[in-house]
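> Need a 3D model of the following:
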Amino acid sequence: MSESHLGHTTSVESRKKMRLARLGRKHSTETRAKIGRLQIGHEVSAKTREKLRLFRLGSSLSEETKKRISFGLARPEVKERIRNARLNQVFPVRDTKPERLFFSRLMKEQRKRLATLGYFIIKHPNLGFCQPDFALFSKDKPSIFIFIDGCYWHCCPKHFPIAKFETQKRTLYYDRKNESIFKLYGIPFIRFWEHDLNTKFNRHYSVSTLIKTLEGIQIAYFLQC
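The predicted structure is shown next:
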């Protein structure tokens, strides 16, 4: 900007003329790419965000705009792109209380044993079709995936054998679907219920069960080799 323009304010009439002159004009693909590169890393200030929020307050999209958006989303290539993005999406997950209890007990009692067996633990890995609570990976042995489910939401057979609400039914459907995929491809997994971790004795027993399962997988693997 030259010095002659410093402190200069454009009048409302001039701004209106400039807006009308630009109306209907579209940037070329190259120009849009340049603008996109310039905006990388740029953060909008809190003041500007507040201005934009107040400007949009009470406004709604026109019917023409709604139709254009719905037409764009209905295209097969757009649907496929959205589907692939959702499949690879990693949802930020907070550890539940049973997960924290299980993890602390596992690390406290069996950290060295896990290292001896050649396994390392990862929280909430994304498998595409589901996201287990924990995964035990190994470089040369089959991995095992761990699910720690709440008795109420996942309808454990002991306390909530019948799904009464829609949320429970939906959760139960996805649990069965994921289990069928694991069994179909022979992927080892183990499921612990919330009541399996409610006391120190139960937590100790659950962790011991996991280690025995790992040892069984290791024995089976070496027999196959």
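
> residues in contact with His204?
105, 109 (Cβ atoms under 8 Å, 6 or more residues apart in numbering). The C-beta positions use only the backbone N, C-alpha and C, and glycine is treated the same way.

> Can you give me the pLDDT of it?
Per-residue confidence for His204 comes out at a pLDDT of 81.

> does it count as helix, strand or coil?
Using DSSP: H, G, I helix; E, B strand; the rest coil, the three-state assignment for His204 comes out as helix.

> any idea how far Phe102 is from it?
11 Å (Cβ to Cβ, to the nearest Å).

> ditto for Leu172
Look at Leu172 and Phe102: by Cβ to Cβ, they are 22 Å apart.

> between these two, which one's more packed in?
The residue with more neighbours, out of Leu172 and Phe102, is Phe102; 23 against 15, by other Cβ atoms under 10 Å.

> give me every residue that touches the more buried one.
Residues touching Phe102, when contacts are defined by Cβ under 8 Å, 6+ apart, comprise 134, 148, 192, 197, 203, 206-207.

> The same query, at a cut-off of 6 Å, please.
148, 197 (Cβ atoms under 6 Å, 6 or more residues apart in numbering).

> roughly how far out does the helix or strand harbouring Leu54 sit from the chain middle?
Here Leu54 is covered by helix 46-56, with elements defined by DSSP states H and E. Using Cα atoms, centre = their mean, to the nearest Å, the distance from the centre of helix 46-56 to the centre of the chain it belongs to is 29 Å.

> helix or strand right after that helix?
On the C-terminal side of helix 46-56, the nearest following helix or strand under DSSP H and E is helix 63-74.

> average pLDDT for that following helix?
Computed over helix 63-74, the mean pLDDT rounds to 78.

> Now do the strands in the protein.
Residue ranges of the strands in the chain, as given by DSSP state E, are 120-123, 134-137, 144-149, 189-193.

> Tabulate these (CSV), appending distance to Glu80.
Formatted as CSV, the entries for the strands of the chain read as follows, by distance: least, Cβ to Cβ, whole Å:
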stretch, distance to Glu80
strand 120-123, 29
strand 134-137, 28
strand 144-149, 27
strand 189-193, 29
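
> Buried deepest among those, which one?
For the strands of the chain, the stretch with the most neighbours on average is strand 144-149, a mean of 22; neighbours defined as mean count of other Cβ atoms under 10 Å.

> Give me the helices and strands touching that one, please.
In terms of contacts (3 or more Cβ pairs under 6 Å, 6 or more residues apart in numbering; DSSP states H and E), strand 144-149 is packed against helix 97-117, strand 134-137, strand 189-193.
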